[in-house]
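A.B. asks: sequence-free structure coming up:
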Ligand SMILES: [Zn+2]
């Protein structure tokens, strides 16, 4: 996909109740407000009263796991990984990852996600898929040395970083150690050093199950966040996925170090982890929070609107308090505005030209407060147009080439004979 689209102008959009226009050049918003219109040579869109909003940011996923969707859904986490996922992953080819990720991108674009944080094998193939799909992503190949081959993993990780270094401006590289129960102390320490030296993010699963916490205390004498801190892993470029079992002391430590926690409420409920991310305590401690779907193998949807609703419901329900997570705050979490590292945030001039036009006249959005409607009433089907880096990836719900992508991904999944 060419890096330099023609300037794009949108007119007749509705932002915070006012009719506005928006112009983008070279992937950046250059004008936004009443009276902004197209210049000669611009690609022009008449939004015809459609609400204009920031896109969603999926802070934790394994995009190519669309290939695993609908398999082993009734198993607990460790049995699902050992019996269904890991044996198949051992024989994955880059083309499997490419088409699995293309399918994920179709779904995410359709449901209003512009950017995602990915952890998966063959990250070069993921990057190629993201590039071709026109999205943004921060991508890391998983680090994993439960088999004892720490040296081999270091080589693979460095090779992955080299491969990701050649990708375009919409893609960033990360180091992605899988979890504290699958990666050795030595490899975690090395990861922290490499990430600091290269100034790139670290993306890791943490405190997903209660077992992980009790095993960590037994082995290392401290809880998971304290253990990672001891290894130098907690910093401003660290993304911790899940955090279901973090206690107050860990949340304070995480806030102090400036890490981001990405909560994945649907995947947590589907895998029946038995708890809810302690958002009220995280908020009091000042932790930066994002929202993720996790992989389609454990969700199984990539429609972040459903995760947004479940996030708000789970927090209210667990706290026994309808004020536990107000709708506008939930929307800020889903768009990345509550965690700057994730790369989202509010629409602004000089900001990235990433935005959504929602269907004008959507029944779900036609009455009441927009944020409340977006959180509790909408699904991804309210998204009409998705623009990323000034390029229209979906217009009128249509994504060019989607049919072929769906067919190719299904073919790759069948070939893998997932049990
Ligand atoms: Zn995950």
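C.D. replies: Thanks, I have the structure now. Note that the coordinates shown come from a computational prediction; the quantities given were computed from them, not determined experimentally.

A.B. asks: and residue 321, what does it touch?
C.D. replies: residue 280 (C-beta atoms under 8 Å, 6 or more residues apart in numbering). From N, CA and C alone the C-beta is placed, and that goes for glycine too.

A.B. asks: Give me the helix or strand of this structure that scores worst on average pLDDT.
C.D. replies: Lowest by mean pLDDT, DSSP states H and E among the helices and strands of the chain is helix 77-79, with a mean of 83.

A.B. asks: How much space separates residue 210 from residue 414?
C.D. replies: 36 Å (C-beta to C-beta, to the nearest Å).

A.B. asks: oh, I was asking about residue 94
C.D. replies: 18 Å.

A.B. asks: And residue 21, by the same measure?
C.D. replies: 47 Å.

A.B. asks: elements contacting the least confident helix or strand of the chain?
C.D. replies: Helices and strands touching helix 77-79, by 3 or more C-beta pairs under 8 Å, 6 or more residues apart in numbering; DSSP states H and E: there are none.

A.B. asks: which is the next helix or strand following that helix?
C.D. replies: The helix or strand immediately downstream of helix 77-79 is helix 86-89, counting by DSSP states H and E.

A.B. asks: Can you point out the buried residues in the least confident helix or strand of the chain?
C.D. replies: If you call a residue buried by 16 or more other C-beta atoms under 10 Å, then helix 77-79 has these buried ones: residue 77.

A.B. asks: and if you look at stretch 154-169?
C.D. replies: Quick answer for stretch 154-169 (16+ other C-beta under 10 Å): 154, 156-157, 160-161, 163-164, 167.

A.B. asks: next one: stretch 63-78
C.D. replies: Neighbour-count burial for stretch 63-78 flags 63-69, 71-72, 75, 77 (criterion: 16+ other C-beta under 10 Å).

A.B. asks: Farthest pair within the residues you listed?
C.D. replies: 63 and 75 (21.5 Å; C-beta to C-beta).

A.B. asks: more crowded one of residue 21 and residue 414?
C.D. replies: When residue 21 and residue 414 are compared for neighbours, residue 21 comes out ahead with 22 against 10, by other C-beta atoms under 10 Å.

A.B. asks: if I read this right, that one contacts residue 8, doesn't it?
C.D. replies: No - shown here, residue 21 and residue 8 do not form a contact pair, counting by C-beta atoms under 8 Å, at 11.1 Å.

A.B. asks: Which residue ranges of the stretch 51-200 of the chain form strands?
C.D. replies: With DSSP state E, counting those that start in this stretch, the ranges of strands along the stretch 51-200 of the chain come out as 52-53, 56-61, 113-119, 136-140, 142-143, 171-173, 176-177.

A.B. asks: Let me have these in a markdown table, adding mean pLDDT, mean neighbour count and distance to residue 12 as columns.
C.D. replies: Converted to a markdown table, those look like this (pLDDT from 0 to 100; neighbours: other C-beta atoms under 10 Å; distance: least, C-beta to C-beta, whole Å):
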| stretch | mean pLDDT | mean neighbour count | distance to residue 12 |
| --- | --- | --- | --- |
| strand 52-53 | 98 | 24 | 10 |
| strand 56-61 | 98 | 30 | 23 |
| strand 113-119 | 98 | 29 | 21 |
| strand 136-140 | 98 | 27 | 26 |
| strand 142-143 | 96 | 26 | 45 |
| strand 171-173 | 97 | 20 | 33 |
| strand 176-177 | 98 | 29 | 42 |
